[in-house]
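Visitor: With the sequence up front, the predicted model follows.
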Amino acid sequence: MFRRVKPQDDTVTIYIDDKPFLATAGEPVANILLNEGFSSVHTAPNGKPRGPYCMMGVCFDCMITLQDGRVEQACQTYAEDGIRLYLPLNRADRAV
Amino acid sequence: MKMPVGKDRIIVIGGGIQGCATAYFLARRGQDVTLLEKDHIARQASGVNAGGVRRLGRDPIEIPLSLASMDIWRSLQDHIGDHVDAFHPCFYLKVALDEDGQALGVDRIDALRKVGFQHEIWLEDPEIQRRLPHLSCPTYGGILVEGDGWALPWRIVQGFASAAVRNGARLVEDCRVISLERGGSGWQVHTTKGLFEAAQVVNCAGAWAAGLAALAGEAKFPLSPYAPMLAVTDRRPAILPAVMGVLGQTLSLKQLHTGQFVIGGGVRAHANLETSRGEVDIPALAASMNLATTLFADITSARIIRCWSGIEGYMPDDLPVIGRGSQPGLVHGFGFSAHGFQLGPAVGEALADLVMGQQPRISLAPFSPNRFETV
Amino acid sequence: MSVRSDYDLVIIGAGPAGLAAAIEASRHDLSTLVLDDQPAPGGQVYRNITRNRGQRHASAFLGNDYWSGSRLVDGFAHVSANVLTESRVWQITSDRQVLFSRHGKAQNVRAGAVLVANGAMERPMPIAGWTLPGVMSVGAAQTMLKTSGSGADGAVFVGSGPLFYLTVWQYLQAGFGVKAVVDTAPARMRPEHYVLAIPALLQPILLLKGLRWRAAIRRKTDYHAGATSVVIAGEDSATGVTFQDTSGRKQNIPAKHVFIHQGVVPNVNLTMATDLRHQWHPRQLCWIPQTDMFGESSVDGIFIAGDGMGIAGATAAALSGRLAARRIIARVKRRPFFMTPFWRALKWRQAAIRPFLDSLFKPPDDWRVPKEDHAIVCRCEALTKADVNAAIALGVSGPNQLKSYCRAGMGRCQGRMCALTIQKMIHNHNGGSEEEIGYLRIRPPIRPLTVGELAALAHEDAGR
């Protein structure tokens, strides 16, 4: 598990699979995934789970689904109050 | 000048679908055939097209050839074996989104019926909605063809190339033709990999075919290079079991077995024959993207991960050049104007017939190389 | 802030190179726009520096090199250059239009000159198990420190290189428990390293810093030098690391978090998609855009600065940004600009340590191409080394032909995680030179944009 050694200022609430979590405003949502123990977020074409790897937008393995149906990189999505993200791993329509 | 590398009776120039299919049919008939390709096979138009395997929407002049080709597509496994996994049969549907489109479609069906073609069928909107449950908009009807499909173009071409080689053909890649000369009773083909000699040459050089024809001493063909553009998205849940177009508009839309959408705009970006590169004008695809999202709202959030274009050769009448050249021992098969992929198998068979002095099944008169002769 | 439709200079990337260039250009009244994909300037090296300053004491563990970036970021805040954050550039056209997406909207600007300063990324490291959840690059671990102040206790760090040692040191400073450090650099320097260390003495502070980090790491962690044959174990997530130590013994360290690193390479997808000429850098084992001494590429008016033109670090990046800006300014003002001895000396001094670092921390062969057949080579398409080799055996001239045989390079990342690997694999099979084998053909958009975003451009046109 990842843990914070710096206090959070300016927190917002984000939702992962409809469960609320506290995030720092503007931090990449991939950070919250790791801080909260979600190391697997989607499945690869071989059926194996995958999660964040590079945290800078080049590996495309931190994929999450947003409310409007977009499949996005969690490390390129920044925490805003009320943002809802869904882990493709837990959805029926797995195609990502 | 390099030493001759072999005395080949037939040389096919161009490793796209036309050339590879021709080489295959010739080799299968026991002919001594060598295929020369300046890059690697399926590098150009045959490797980058939308992969539509369609009889729908053809110029009536081309329909017999297209129908004959579809027969070969149906038994493709007999020809190319495992590579047939790249062919996905499905229905083709070109819908009307307005009254103009509807009129176009209805008139076309009438016209086709009058000349005896039954493969295109008019569907009314309720039937279209039933076939496409995820369709997001009403239609004014559309044209259906059952049993068309789509393919991964490079793999089909690779299939023909492999089948040609299995039947004894030689394949030489990275081999660009420098000059063509009549010599003795045949042709001397000087290339970057040496001299090849042949009794007959088949020109399947795609967008470069007019240049090649000129090298052989033919009159200048009015072939223009353009670069149609395509886009592919990330993987999405399966919602589209057909290949689609829109009557009166520019769109080709399909969903691959991977779930990715392939969206074509038919838009032509500037093509550079020297460098073989076409810069992609992505905003020019906007209108086609708009149509795609009109048809399927689900596509709106799909993400485009790559756009590309390939260089294709267009004829002024949008019909290919298939037939004997004015020089002896020279046969042409080019100018497919961005719709040659499905025709490839039948064209290959027809070109093989021409080379061997046999009568092709389908009349090639409308595709005569002579139709451009100026007075 | 209203965005114009055209600028004298559009800079892509707000890291040290981009910021330095923007400051220089603004001082000379060039209309300048900086596009960066993050919420605030700083690039990767100075990531989140503006926010972290508010809690500087809590983030002291990031170290002085990080905090030295404040100067640049502050300098940038005071100039007139416009900056658009959260902007993803997906294409540069040959007539210097820059197309990008921001907050779900596709936009474009015209540029008199473009400066690509989008930096570097970590080298792909296809060792067995690298795709397991729980495995991340060391840079990713460092990014978590910078952007969240968070880290994982009990992690094993595997690899080598300046970024590797710095991050372990930062972890120790921050108080995280480091399970082990498995160093893949040679346990003993070889003669060629000593020879290359001589010019490196021109940057003694850097050398000393490196030695200091390494000494601290040796003292404070379970440190293993000269490790080989590294494999990450686990079924659906990482469970540990196995390797061979210098005495030939196989070691196993259980861990749920494994951070790996074998150096950085230029992030070339944008420059490649722009059809700029590139050349193979045989020492750094990567592709770099061909540039003149000012950073101008093979296309007029398109410049590169920073690690994107060759790995040289943050200070060198800022210098190259300034240099490129000076050249662009001179062009706009129709004045000559020559590379004075001063500039040359500065550049030379910056570069002097590189051969030493590149040589000492050269990625081991089995980190460039895995030994194990089942190791994943193409992450996006989940293709193993065996899968890719089967396709190579059919006979391919390069990665583009290979792509059509097995889909390697066709996934979301468009080759970022696999192109160097498959190039090396084809080279291993075909022989010749790696440069001849070449790189995957990269096409725009180099960042994805939605079909809806592109469709919206049609509405805009219709509205005109």
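Guide: Looks like it came in fine. Model, not experiment: these values are computed from the prediction. Numbering: from 1, shown residues only, chains lettered A, B, ... in the order given.

Visitor: from here on, contacts and neighbour counts on C-alpha atoms
Guide: Will do.

Visitor: buried ones in the helix or strand where B:V157 lies?
Guide: Under the criterion of DSSP states H and E, B:V157 resides in helix B:153-166. The neighbour-count check on helix B:153-166 (16 or more other CA atoms under 10 Å in any protein chain shown) flags B:153-165 as buried.

Visitor: Touching it from outside, list them.
Guide: Residues outside helix B:153-166 that contact it (CA atoms under 8 Å, 6 or more residues apart in numbering or on different chains) are B:15-17, B:20-21, B:23-25, B:27-28, B:41-43, B:46-51, B:79-84, B:86-87, B:170-171, B:341, C:404-405.

Visitor: same thing but at 6 Å, please
Guide: B:17, B:20-21, B:23-24, B:27, B:42, B:47, B:51, B:80, B:83 (CA atoms under 6 Å, 6 or more residues apart in numbering or on different chains).

Visitor: do the same with stretch C:94-110
Guide: With CA under 6 Å, 6+ apart, stretch C:94-110 has contacts from C:5-6, C:87-92, C:111, C:453.

Visitor: Got a PyMOL select line for the buried ones in these?
Guide: To isolate the buried ones among those in PyMOL, judged by 16+ other CA under 10 Å, type:
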select buried, chain C and resi 6+87+88+89+90+91+92+111+453
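
Visitor: With secondary structure and distance to C:S59 added, can I get the contacts of stretch C:94-110 in CSV?
Guide: Formatted as CSV, these follow (DSSP: H, G, I helix; E, B strand; the rest coil; distance: CA to CA, whole Å):
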residue, secondary structure, distance to C:S59
C:S5, coil, 39
C:D6, strand, 39
C:S87, strand, 27
C:R88, strand, 28
C:V89, strand, 31
C:W90, strand, 33
C:Q91, strand, 36
C:I92, strand, 37
C:A111, strand, 38
C:E453, helix, 38
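
Visitor: among the contacts of stretch C:94-110, which one has the lowest pLDDT?
Guide: Lowest pLDDT among those: C:S5, with 93.

Visitor: any idea how far that residue lies from chain B?
Guide: 16 Å (CA to the nearest CA, to the nearest Å).

Visitor: Just give the number of residues close to the closest residue to that residue other than its chain neighbours.
Guide: Distances taken as CA to CA, 6 or more residues apart in numbering or on different chains put C:V109 closest to C:S5, at 5.0 Å, once the chain neighbours are dropped. Using other CA atoms under 10 Å in any protein chain shown, C:V109 has 17 neighbouring residues.

Visitor: Distance of C:V109 relative to C:L35?
Guide: 11 Å (CA to CA, to the nearest Å).

Visitor: cool, and C:R354?
Guide: Taking CA to CA, one finds C:R354 at 29 Å from C:L35.

Visitor: what do you get for A:C54?
Guide: A:C54 is 21 Å from C:L35, by CA to CA.

Visitor: So between these two, which is more surrounded?
Guide: Neighbours were counted for A:C54 and for C:L35 using other CA under 10 Å; C:L35 has more, 27 against 23.

Visitor: which non-adjacent residue is nearest C:Q142?
Guide: C:T167 (5.9 Å).

Visitor: same question, C:R407
Guide: With sequence-adjacent residues excluded and distances taken as CA to CA, 6+ apart, C:R407 is closest to C:E381, at 7.0 Å.

Visitor: Assumed that neighbour was part of a helix.
Guide: No: under DSSP: H, G, I helix; E, B strand; the rest coil, C:E381 sits outside any helix and is assigned coil.

Visitor: Contact residues of chain B facing chain A?
Guide: By CA under 6 Å from any CA of the partner chain, the part of chain B that sits against chain A consists of B:235-237, B:301.

Visitor: which among those gets closest to chain C?
Guide: B:S301 (5.5 Å; CA to the nearest CA).

Visitor: which bits of chain A sit near chain C?
Guide: Residues of chain A lying near chain C (CA under 6 Å from any CA): A:1-6, A:39-40, A:46, A:50-51, A:53-55, A:59-60.

Visitor: Kindly recompute the last result at 7 Å.
Guide: Within reach of chain C by CA under 7 Å from any CA of the partner chain, chain A has these residues: A:1-6, A:27, A:31, A:39-40, A:44-46, A:48-55, A:58-60.

Visitor: Who are the contact partners of the residue in the stretch 251-375 of chain B that chain A sits nearest to?
Guide: The minimum distance from the stretch 251-375 of chain B to chain A, using CA to the nearest CA, falls at B:S301 (4.8 Å). Residues in contact with B:S301 (CA atoms under 7 Å, 6 or more residues apart in numbering or on different chains) are A:69-70, C:450-452.

Visitor: So which of the residues you listed belong to strands?
Guide: With DSSP state E as the criterion, strands contain C:T450 from among the contacts of B:S301.

Visitor: Pipe the contacts of B:S301 into TSV and attach neighbour count per row.
Guide: Output for those, formatted as TSV (neighbours: other CA atoms under 10 Å in any protein chain shown):
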residue	neighbour count
A:G69	16
A:R70	20
C:T450	24
C:V451	26
C:G452	25
